[in-house]
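[1] After the sequence you'll find the predicted model.
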Amino acid sequence: MKRVFRAASLIQVAHARNVLLSAGIHSELRNQYLAGALGDLPMLETWPQLYVDDEDEQVALRALARAAAAPTGVSWTCAHCGEVLEPQFTQCWRCGSTVSDKH
Ligand SMILES: [Zn+2]
């Protein structure tokens, strides 16, 4: 298994998993419940992570890169505060910036 994605937010990981699913790739979610449970692990190692079969790694990485680069239909990151927002939102719930401010 190869790790192809990880993020501090389970929402981001769930989104990435959906991207892989729509690309026909089965992924395995790890660390879903681990965050905060093991204080002696490095922070990054406690993040939720997606693993795919070795032979799916390159296809998975390309699918994730495509999704990240797509102009619509994917989560966007608020240019002002860095919050990651679902595509159906046009305004950042955290700081109020609008979607037109996105990069
Ligand atoms: Zn914001």
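    All right, it came through fine.
[2] any idea where the helices of this protein begin and end?
    Assigned helices in the chain, in chain order: 10-22, 43-46, 57-69 (criterion: DSSP state H).
[3] Lowest-scoring secondary structure element of the chain by mean pLDDT?
    helix 43-46 (a mean of 70; mean pLDDT, DSSP states H and E).
[4] pretty sure residue 1 is touching residue 53, no?
    Yes: with contacts counted by C-beta atoms under 8 Å, residue 1 reaches residue 53, the gap being 6.5 Å. For glycine as for every other residue, the C-beta is placed from the backbone atoms N, C-alpha and C.
[5] From the ion, how far off is residue 64?
    23 Å (C-beta to the ion, to the nearest Å).
[6] Next up, the contacts around that residue.
    Residue 64 makes contact with 4, 5, 16, 19, 20, according to C-beta atoms under 8 Å, 6 or more residues apart in numbering.
[7] you'd agree the fourth one is up against residue 62?
    No: the pair residue 19 / residue 62 is not scored as a contact, 10.6 Å apart, by C-beta under 8 Å.
[8] who does residue 84 bridge with?
    For residue 84, the beta-bridge partners are residue 77 (DSSP bridges).
[9] show me the contacts for it.
    Here residue 84 is in contact with 9, 11, 12, 75, 76, 77, 78 (C-beta under 8 Å, 6+ apart).
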